[in-house]
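> I'd like to go over a predicted model; first the sequence, then the structure.
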Amino acid sequence: MISLTTLIIIVTVAISLLAFSNAEVFQKSLMNPFMVFKKNQYWRFVTSGFIHGSYIHLGFNMFTFYFFGRVVEQVFMQLYGGMGAVLFILFYLSAIVISDLPVAWKKKDQLNYNSLGASGAVSAMVFASILYFPLNDICLYGILCLPGFILGTIYIVYSYYQGRNISDNINHEAHLYGAIYGAVFAIAMYPASAKGFIDQVSTYSIF
């Protein structure tokens, strides 16, 4: 049976490919805060998470989501059975919206500001996975491997500072808010994971 993670990837790839070749679909799917708040086009909060700026952007997000999404999906299914599937989809879709909302509100009067991509939702999945399994190694480019909680801390600091730098035109704040939301949602689904995270991290030794 196909996993929900794989199903979301298939849908995202299909919509992204359509948007690559259809300018109208692309434009109407962008998260444009002005159109959202001034024209009441609230669907953009969700549709923007299913389109991407390039094949590399799409591939990186879906590659990351494949590995971390499956972990979170399995945890939800173990905790809640069939209801876990509903909660997993709710988590993913809400993460798209929540990760974009703070920046969207700040940019609501800027007609030319747009954002797109599943990065916020993917960040939420990564950090939910880290919260459940903080000592699992995450490898960068197959070379540098660090425990999830260490890499997560670096990621948070990086996103915070880059979020204040618009020179690269990437919405790093969506990564940051998605990561925070992912950790909060993970704890809400399994409150004992907070203590488990602390217990595991406190016993970690670099040597």
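Received the coordinates, thanks. What you see is a predicted model; the values in this text were computed from it and never measured.
> looking at this protein, which helix or strand does the model trust least?
Sorting the helices and strands of the chain by mean pLDDT, DSSP states H and E puts strand 137-140 at the bottom, at a mean of 72.
> continuing past it, what's the next helix or strand?
Following strand 137-140 in sequence order, the next helix or strand is strand 144-147 (DSSP states H and E).
> that following strand: partners in the sheet, and parallel or antiparallel?
Counting by DSSP bridges, the strands paired with strand 144-147 are strand 137-140 (antiparallel).
> buried residues in stretch 93-107, which are they?
By 16 or more other CB atoms under 10 Å, the buried positions in stretch 93-107 come out as 94-101, 103-104, 107. (Glycine included, C-beta is placed from N, CA and C.)
> circling back: alpha carbons of the least confident helix or strand of the chain, in CSV - could you do that?
Taking C-alpha atoms only, strand 137-140 is exported to CSV below (Å, rounded to 0.1, in the frame of the first residue of the first chain):
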residue,chain,number,x,y,z
ASP,A,137,22.1,11.0,12.6
ILE,A,138,21.3,13.3,9.7
CYS,A,139,23.9,13.3,7.0
LEU,A,140,24.7,16.3,4.9
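> hmm, who's touching that strand?
Applying CB atoms under 8 Å, 6 or more residues apart in numbering, the contact partners of strand 137-140 are 130, 145-148, 151.
> now the buried members of the residues you listed.
Looks like those have 130, 147-148, 151 buried, using 16+ other CB under 10 Å.
> from those residues, pick the one nearest E73.
Ranking the buried ones among the contacts of strand 137-140 by separation from E73, with CB to CB as the measure, puts I130 on top at 15.2 Å.
> contacting residues for the closest one?
For I130, the contact set (CB under 8 Å, 6+ apart) comprises 136, 138, 148-149, 151-152, 183.
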